[in-house]
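Novice: Let's see this in three dimensions:
(chains A, B and C)
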Amino acid sequence: MVGKIIFSKVLEMPLVNYIRFIEKTTKQYLEFDKKKLFYAKIMIRDGTLFFEVPDKRLVNIYSTENYTKNKIICSLIWINTRNKFSLHILRNLLHYQSKYWFSGKEIDLKPLTYKQFLSLYPLQYLDQSRLSRLIPNLSVMTPQNQVINLKSLFISKKKYHSYLIKEIVDDNENPLKDKDIQYILTQKGINLSLRTICNCRKSLNIPNYREKDSYYYEKDITFNDYIMLSKKNLNKIPNDAGVYELSISSKIDYLNRRSNVIYIGSSKNLRKRIVNYFGNKLKNNCLKNFINSYDTFLRFCLTGDHILVEKTLLKNFRSIYGMLPKANSVGG
DNA sequence: CGCTTATCTCTGTCCAGTCG
DNA sequence: CGACTGGACAGAGATAAGCG
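Specialist: Numbering: from 1, shown residues only, chains lettered A, B, ... in the order given. This is a model prediction of the structure:
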């Protein structure tokens, strides 16, 4: 009984702690770089995928014969089991997500849940609860030299569908209605309700067919999700250079069409700039009025070329809406 | 060398609001 | 008015966590 509980703890150990645990059990202490620690490195040679585990202790199967103490034997068995699990998981993920390993692009990930993985690649004693305890503690280096967590290979159907929809929308010059997207997906053998497609679009900030030609920014600018403008959320804004957009929840009339956007700006330090909005330093009265009377939302895009990008965005905005955002046009 | 429960996430239904 | 999207919500399903 107690053994099971402790075994769960062994599975939950981050790699650093796990290696310490192995060292303590085997009394073999070795130097290793704690900061650059990952379970395995995945490589491609001659068009074949394979991986290397730099730290052999993570794959070793230890013999229990030389020990008499029950406690040590238990620990060694746990280590052996975790090593077996890890190897099994990585081997099969290499196979299942092979397209992704080659390209490094999220869109090439196939949807996968823990449950599915277990039914595809069963292993004795490996169950859902153990999988969910071990996976988040395993990181690997991809052929593209990025360290990723194995958890990110288990993407939900929703994410998978979202990426598909993004691809479809990006590939089509014409604005697509959700029904059009649904039809294209059906041809690929995927049946989704309109509501789900709508949700997927929203999760990746993909415009709907009405909004598509009213976007004043190009595909290559990706804003973060909307953040409510409040003191509480200041820590979500990075101290980096970029452009930002302020909007309110209701639409405002512009010359050509309506929009929620009230201001577009840029700064060398986004957080510092936004902090100013809460003091008395804000001189733009129009903006001040908006912020005081409505819930205001912020989103930003980090870029070193913030001044140039801001200019382009304002120009685009004017050509689509007939005028600058309300709070930009006055005194700005 | 699990089982159970709490919590989170996803997906579809219903309906309201917007646009032309 | 019809066509369409988006919000609230509920049921189902997946995952994280508690425990003997």
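Novice: May I see the buried residues of stretch A:285-303?
Specialist: A:286-287, A:290-291, A:296-301, A:303 (16 or more other Cβ atoms under 10 Å). Every C-beta, even on glycine, is put in place using the N, C-alpha and C of the backbone.
Novice: Which residues of chain A lie near DNA strand C?
Specialist: A:1, A:4-5, A:8, A:113-115, A:128-129, A:132-133, A:135-136, A:151, A:154, A:156, A:177-179, A:194-195, A:198, A:201-202, A:208-211 (Cβ under 7 Å from any atom of the strand).
Novice: Now do the buried residues in the longest helix belonging to chain A.
Specialist: Ranked by residue count and defined by DSSP state H, the top helix of chain A is helix A:70-96. The neighbour-count check on helix A:70-96 (16+ other Cβ under 10 Å) flags A:72-76, A:78-79, A:81-87, A:89-90, A:93-94, A:96 as buried.
Novice: and it, average pLDDT?
Specialist: Taken as a whole, helix A:70-96 carries a mean pLDDT of 93.
Novice: And that helix, what does it pack against?
Specialist: Packing partners of helix A:70-96 (3 or more Cβ pairs under 8 Å, 6 or more residues apart in numbering; DSSP states H and E): helix A:2-12, helix A:15-26, strand A:48-52, helix A:114-120, helix A:128-134.
Novice: can we see that at 6 Å?
Specialist: When contacts are defined as 3 or more Cβ pairs under 6 Å, 6 or more residues apart in numbering; DSSP states H and E, helix A:70-96 packs onto helix A:2-12.
Novice: for chain A, what spans make up the strands?
Specialist: A:40-45, A:48-52, A:139-141, A:147-149, A:227-228, A:242-253, A:258-267, A:296-302 (DSSP state E).
Novice: Now do the contacts for A:Leu87.
Specialist: For A:Leu87, the contact set (Cβ atoms under 6 Å, 6 or more residues apart in numbering) comprises A:Val59.
Novice: Name the residues of stretch A:323-332 that come out as buried.
Specialist: A:324-328.
Novice: Need these in JSON lines (columns: distance to A:Tyr217 and pLDDT).
Specialist: Shown next, in JSON lines, are the buried residues of stretch A:323-332 (distance: Cβ to Cβ, whole Å; pLDDT from 0 to 100):
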{"residue": "A:Leu324", "distance to A:Tyr217": "15", "pLDDT": "89"}
{"residue": "A:Pro325", "distance to A:Tyr217": "13", "pLDDT": "89"}
{"residue": "A:Lys326", "distance to A:Tyr217": "18", "pLDDT": "86"}
{"residue": "A:Ala327", "distance to A:Tyr217": "18", "pLDDT": "89"}
{"residue": "A:Asn328", "distance to A:Tyr217": "15", "pLDDT": "88"}
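Novice: And those residues, which two are furthest apart?
Specialist: Among those, the pair separated by the greatest distance (Cβ to Cβ) is A:Leu324 and A:Ala327, at 8.8 Å.
Novice: A:Val275 and A:Lys232, how far apart?
Specialist: As defined by Cβ to Cβ, to the nearest Å, A:Val275 lies at a distance of 13 Å from A:Lys232.
Novice: Mind checking which of the two has more residues around it?
Specialist: A:Val275 (14 against 8; other Cβ atoms under 10 Å).
Novice: Which residue comes closest to that one once chain neighbours are left out?
Specialist: A:Leu234 (6.3 Å; Cβ to Cβ, 6 or more residues apart in numbering).
Novice: how close does that neighbour sit to A:Ala241?
Specialist: 17 Å.
Novice: Over to A:Asp33?
Specialist: 32 Å.
Novice: Between the two, which is the more surrounded one?
Specialist: Shown here are A:Asp33 and A:Ala241; by other Cβ under 10 Å, A:Ala241 has more neighbours (16 against 8).
Novice: if we can go back for a sec, name the nearest of the buried residues of stretch A:285-303 relative to DNA strand C.
Specialist: Of all the buried residues of stretch A:285-303, A:Phe297 has the smallest distance to DNA strand C: 11.6 Å, by Cβ to the nearest atom of the strand.
Novice: tally of neighbours for the closest residue in space to the closest one that isn't next to it in sequence?
Specialist: Nearest residue to A:Phe297 in three dimensions, chain neighbours excluded: A:Tyr226, at 4.4 Å (Cβ to Cβ, 6+ apart). Residues within reach of A:Tyr226, counting by other Cβ under 10 Å, total 14.
Novice: Looks like A:Val140 contacts A:Ala40 (just checking).
Specialist: Yes. Assessed by Cβ atoms under 6 Å, A:Val140 is found in contact with A:Ala40 at 4.9 Å.
Novice: Which residue lies nearest to A:Glu52 in three dimensions, sequence-adjacent residues excluded?
Specialist: The nearest residue in space to A:Glu52 (Cβ to Cβ, 6+ apart) is A:Lys41, at 5.2 Å.
Novice: does the one you found really touch A:Phe50, like I thought?
Specialist: No. Between A:Lys41 and A:Phe50 there is no contact, the gap being 9.8 Å when judged by Cβ under 6 Å.
Novice: More neighbours: these two, which one.
Specialist: Taking other Cβ under 10 Å, A:Lys41 and A:Phe50 do not tie; A:Lys41 has more neighbours (16 against 12).
Novice: Tell me how far that one lies from A:Glu23.
Specialist: 22 Å.
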